[in-house]
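1. From the sequence below, what's the structure:
(chains A and B)
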2 protein chains.
Amino acid sequence: MLGAILTANSLELNMDLSITSLLNKLSPYLLAADSASGGEEKATIAALVGTAGIIFIFSVLLGEICTRLQLPTVLGDLVAGMLLGGSVLGLIVFSSEGVEVNTSLLKGLELVTGASSGIVEQAYRFQMKEFLNESANIGLLTLLFTTGLESNLKELIRVGTQAATVAITGVFVPFVLGTVVLIKFFGIATIPALFAGAALTATSIGITAKVLQDIGSLKSDEGQIILGAAILDDILGIVVLAVVLSLVQTGEIEISNIIYLLTSATLFVLGAIFLNNIFGSIFVKAVKKINNPAALMLLAIVFLNACSLLATAIGLEAILGAFAAGLVLGETEFQEKLQGLFEPFIFVYTTIFFVTIGAKVDLSVLNPTVAANHQGLIIAACLIVIAILGKIVAGFTLFTDKPINRLAIGTGMIPRGEVGLVFAGLGATTGALSNSLDAAIIIMVIVTTLIAPIMLRFVFSSSATSDNSEEYAENSETDCVPVSKFN
Amino acid sequence: MLGAILTANSLELNMDLSITSLLNKLSPYLLAADSASGGEEKATIAALVGTAGIIFIFSVLLGEICTRLQLPTVLGDLVAGMLLGGSVLGLIVFSSEGVEVNTSLLKGLELVTGASSGIVEQAYRFQMKEFLNESANIGLLTLLFTTGLESNLKELIRVGTQAATVAITGVFVPFVLGTVVLIKFFGIATIPALFAGAALTATSIGITAKVLQDIGSLKSDEGQIILGAAILDDILGIVVLAVVLSLVQTGEIEISNIIYLLTSATLFVLGAIFLNNIFGSIFVKAVKKINNPAALMLLAIVFLNACSLLATAIGLEAILGAFAAGLVLGETEFQEKLQGLFEPFIFVYTTIFFVTIGAKVDLSVLNPTVAANHQGLIIAACLIVIAILGKIVAGFTLFTDKPINRLAIGTGMIPRGEVGLVFAGLGATTGALSNSLDAAIIIMVIVTTLIAPIMLRFVFSSSATSDNSEEYAENSETDCVPVSKFN
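-> You can find the predicted model right below:
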């Protein structure tokens, strides 16, 4: 009966994949409790379980291809997302209207759960819009937290002033250059040009840290300067973003807001540095008093959440709080244990985060055979050049008399990663960016993320301070996320 | 300005906790980006991060109290949920209407995010209804998966027939006894009585496995029989539930449905047993081919999800699929590594699962000073007696000529745990159960879960086959979930 109905329905549907007919053949042998109350619950669980499975299979397969091509696996996740997204397979579709969801997927979920097609599509849409977005947020917070865990606070302070000049130039040069070029040469309006310029300022701490770890240079002078500059970049980026957003919304720049953000960011960073020991020792004492193996993990999350909320409360981004939390707990005796405990979360949730980013890319605007896309592609090429040159210039502004690889520092700051995409995403939702400019930013992010590890290998192997190109060749075959000494 | 508005508003609100006034005093120093697009996103993240933090703090504190009282920490989570729920603090409120959310919490979220109160309450309600429920589902699936991982398939097969008699009696006796007593002595209608009877059949695999592990008896003959019987119990419970549900919905019992469920469950279990080696070796080969440290975790989740979907497709519960997946992967060389990888998920998500269960309990019906509640409390007392006696009787029906501790087997099956609550929850949503009967079932679940570890300590220490009461005294100070040899 159920099978008959489904077979009849399928005649009216596009048989986009042969799996649909296979599922129809199977349907007489499948029976699911189609109860009024259980149906929706089952459909929701099935949508969750099904989409997570699809995401992970694609991530593993494309990550493996990247590894064999000596590329970082994070690219595999981004490409996996693009393939799964509305532009290609339609298995992960975020927009609530317009884009079609893969009919085979919906049909499969219907057969598995026995729920009606309306309930299944609703459950699926919910998964996409809410649960995947939330999971991606968890992934981003966890990534920043573990980066903080692995960073050395004292080293960061030591290189602080040197990192500051790099960060400020690395924000200023691409921002101004990008905005001016877009306005002068492409006739783009001021506000979208400013948005694109802001996206050029970003440095992805996550990807940078991972690349540094891969080449074994996280603790070198260059590595610590890159990391310090990337953190400052993030703070400056938030200020730039706030300025651009207030311009979009009110048409004018609020100076008081900029001063407030700079002050609160400074206080937050100083707080993390000077109150570090106090918070760390309170945390250690609390965990040790509790005879529960789950307590370390749970209290670390509580601390991470409290720091994220505090950062949000003073107008900064939650990810900065997460990084600060990791920095504080990274100085305690639990550092290594926490790395092990959070590693599975990194595996699962940063995968979802990067795949989600890829899935949100509208690939159709990149088709070079469509004449309307040509401008977007030319803009993308310009943005890529500015993105790379802007950061390399920043590396040479470093103020030091010690011998140091300035080219390596600039190169290390090239990957824009998730931060650039966050900017692009915000621009798209506020309506400030056109589709082609949005796509151009995304191509810029992807190319800079792709090119940086390859460039760094050459730049660091010519460096006097770190000679570990062989180690890189071995380590590069690992994941994009911090890998601890997990048992 | 923001502060002034909030202070003015707070005069109209109940100042239920002094934290509200503290937050108001702080508000002039807090500023959050109140952008149109960012506000909702920020509020959602803050609600997620805030509620997770609150859940974990309560879980750790109450778990510690339980540990010091020599009780399993899972009880701490249940009690934490009750305190956080709508009946007491109102920090975790699931129902979409009626129950008030804690105003201090909402006020705090408003101040942190700078979003309007409407957006904050919407984001909070969403967190409760959807995200916590999803997280609880992940917790349940992970718990069953790791229980499967730790189980020994060959042992389970060896004790299979012995476990079958225990399981069948353990389902039949409490079901019939419970239903008859409720109808005859309390004048309860047939359908709610059948539902309550069905809830009495459950055995919590998760809690049972944990208790057995705590007393070091998971691999003893008694332990394996208890585990095998608990699994069969779960399958039989699904059949009973399907029967009762079809009665509620159609008013009659469909024999074909029962036969179908029994057949598919048998085939599923046989499939897991006989195809075990094939799936296991395919999995091992796939993981070994991939040079990605995340691959083991991600492919394990893919396998877990596929098994859950298969179980759902043939009309069984997803948790049975999760258990089967764990059983298969537990026979591979990756068993120990997988236990380590899934442990942090157990820490986080089973905590959310048990707290969520507690938060859904409506405590008001248990107040003994309200005359209307007396019947519910008396029913609860009766259900508890039936729940304990029913399972102990089942232990004595064991068919073997070897010396074995029959009392221990029956006692090991006493905790109803999450399975009983799932039944109660389904009954409540279908409207079949009255509030007092629902509450009575929940008290029964809590008391059986509480009493079993205490009873087992005495029962097992008098046993000839396992003498490890001292080990128990030490191990009992651990969490309610499987704790692997995690580094």
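
2. which residues does A:Ala306 contact?
-> Residues near A:Ala306 by Cβ atoms under 8 Å, 6 or more residues apart in numbering or on different chains: A:325, B:53. Yep, even glycine has a C-beta here, placed from its N, CA and C like the rest.

3. Kindly report the same for A:Val355.
-> Applying Cβ under 8 Å, 6+ apart, the residues contacting A:Val355 are A:55, A:58-59, A:77-78, A:80-81, A:84, A:92.

4. which among the residues you listed are in contact with chain B?
-> Filtering the contacts of A:Val355 for proximity to chain B (criterion: Cβ under 8 Å from any Cβ of the partner chain) leaves A:Ser59.

5. Which one (most neighbours) among the contacts of A:Val355?
-> A:Ser59 (31 neighbours; other Cβ atoms under 10 Å in any protein chain shown).

6. Stretch A:278-287 and chain B, any residue contact?
-> No: using Cβ under 8 Å from any Cβ, stretch A:278-287 stays clear of chain B, with a minimum separation of 8.6 Å.

7. Okay, buried residues for that stretch please.
-> Buried residues in stretch A:278-287, counted by 16 or more other Cβ atoms under 10 Å in any protein chain shown: A:279-280, A:283, A:287.

8. Report the contact partners of the closest residue to A:Ala163 other than its chain neighbours.
-> Distances taken as Cβ to Cβ, 6 or more residues apart in numbering or on different chains place A:Gly228 nearest to A:Ala163, at 3.2 Å, with adjacent residues excluded. Counting by Cβ under 8 Å, 6+ apart, A:Gly228 touches A:156, A:159-160, A:162-164, A:167.

9. And the buried residues of stretch A:278-287, which is closest to A:Leu296?
-> Closest to A:Leu296 out of the buried residues of stretch A:278-287 is A:Val287 (5.1 Å), distances taken as Cβ to Cβ.

10. In terms of helices and strands, where is that closest one?
-> Taking DSSP states H and E as the definition, A:Val287 sits inside helix A:276-289.

11. And that helix, what does it pack against?
-> helix A:295-313, helix A:318-330 (3 or more Cβ pairs under 8 Å, 6 or more residues apart in numbering or on different chains; DSSP states H and E).

12. same question for the shortest one, mean pLDDT?
-> Okay, so that is helix A:318-330. For helix A:318-330, mean pLDDT rounds to 85.

13. and what of the longest one?
-> Per-region confidence: helix A:295-313 scores 90 on mean pLDDT.

14. which residue does the stretch 101-250 of chain A bring closest to chain B?
-> Closest approach between the stretch 101-250 of chain A and chain B, counting by Cβ to the nearest Cβ: A:Val112, at 4.3 Å.

15. What distance do you get for the closest residue to that residue other than its chain neighbours to B:Phe458?
-> What sits nearest to A:Val112 in space, not counting adjacent residues and going by Cβ to Cβ, 6+ apart, is B:Ala313, at 4.3 Å. With distances taken as Cβ to Cβ, to the nearest Å, B:Ala313 is found 44 Å from B:Phe458.

16. Beyond the longest helix along chain A, next helix or strand please.
-> Using DSSP state H, we find that the single longest helix of chain A is helix A:36-68. Once the chain leaves helix A:36-68, the next helix or strand it forms, by DSSP H and E, is helix A:73-84.

17. Who are the packing partners of that following helix?
-> Using 3+ Cβ pairs under 8 Å, 6+ apart, the elements in contact with helix A:73-84 are helix A:36-68, helix A:351-359, helix A:435-461.

18. can I get those in TSV with mean pLDDT?
-> Converted to TSV, those look like this (pLDDT from 0 to 100):
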stretch	mean pLDDT
helix A:36-68	79
helix A:351-359	84
helix A:435-461	80
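
19. Deepest-packed of those, please.
-> Most buried of the helices and strands packed on helix A:73-84, by mean neighbour count (mean count of other Cβ atoms under 10 Å in any protein chain shown): helix A:351-359, with a mean of 29.

20. Would you map the strands across chain A?
-> For chain A, no strands are identified by DSSP state E.

21. So what are the structural domains in it, by residue number?
-> Using automatic domain parsing, the domain parsing of chain A gives A:2-115, A:140-481.

22. burial count for A:Ser220?
-> Close neighbours of A:Ser220, defined as other Cβ under 10 Å, add up to 21.

23. What distance do you get for it to B:Gly280?
-> 43 Å.

24. Poorly predicted segments of the stretch 151-300 of chain A, please.
-> In the predicted model, the stretch 151-300 of chain A carries pLDDT under 70 at residues A:205-207, A:210-211, A:213-215, A:238, A:242, A:246, A:249-253.

25. picking that back up, looking at the domains of chain A, which is buried most?
-> Comparing the domains of chain A by mean neighbour count (mean count of other Cβ under 10 Å), domain A:140-481 ranks first with a mean of 21.

26. Report pLDDT for A:Phe486.
-> Looking at A:Phe486, its pLDDT reads 33.

27. these two touch, right, A:Asp77 and A:Val60?
-> No: contact between A:Asp77 and A:Val60 fails when scored by Cβ atoms under 8 Å: they sit 9.9 Å apart.

28. Now do the same contact list for A:Ile235.
-> Each residue near A:Ile235 by Cβ under 8 Å, 6+ apart is listed here: A:265, A:269, A:316, A:320.

29. same thing but 10 Å
-> A:167, A:171, A:261-262, A:264-266, A:268-269, A:316-317, A:320 (Cβ atoms under 10 Å, 6 or more residues apart in numbering or on different chains).

30. which of the residues you listed come close to chain B?
-> With Cβ under 10 Å from any Cβ of the partner chain as the criterion, these include A:261, A:264, A:316-317 near chain B.

31. Which members of these are positioned in helices?
-> Among the ones next to chain B among the contacts of A:Ile235, DSSP H puts A:261, A:264 in helices.

32. farthest-separated two in the ones next to chain B among the contacts of A:Ile235?
-> The two members of the ones next to chain B among the contacts of A:Ile235 with the most space between them (Cβ to Cβ) are A:Ser264 and A:Glu317, at 11.7 Å.

33. Pull up the overlap in contacts between these two.
-> Residues touching both A:Ser264 and A:Glu317 by Cβ under 10 Å, 6+ apart: A:235, A:311.

34. Distance of A:Ser135 relative to A:Phe353?
-> In terms of Cβ to Cβ, A:Ser135 sits 8 Å off from A:Phe353.

35. With A:Leu383 instead?
-> For A:Leu383, the distance to A:Phe353 - Cβ to Cβ - is 23 Å.

36. Find the nearest non-adjacent residue to A:Ile188, please.
-> Spatial nearest neighbour of A:Ile188, excluding adjacent residues (Cβ to Cβ, 6+ apart): A:Leu182 at 4.4 Å.

37. Pretty sure the one you found sits against A:Leu383.
-> Yes: A:Leu182 is within contact range of A:Leu383, at 8.3 Å (criterion: Cβ atoms under 10 Å).
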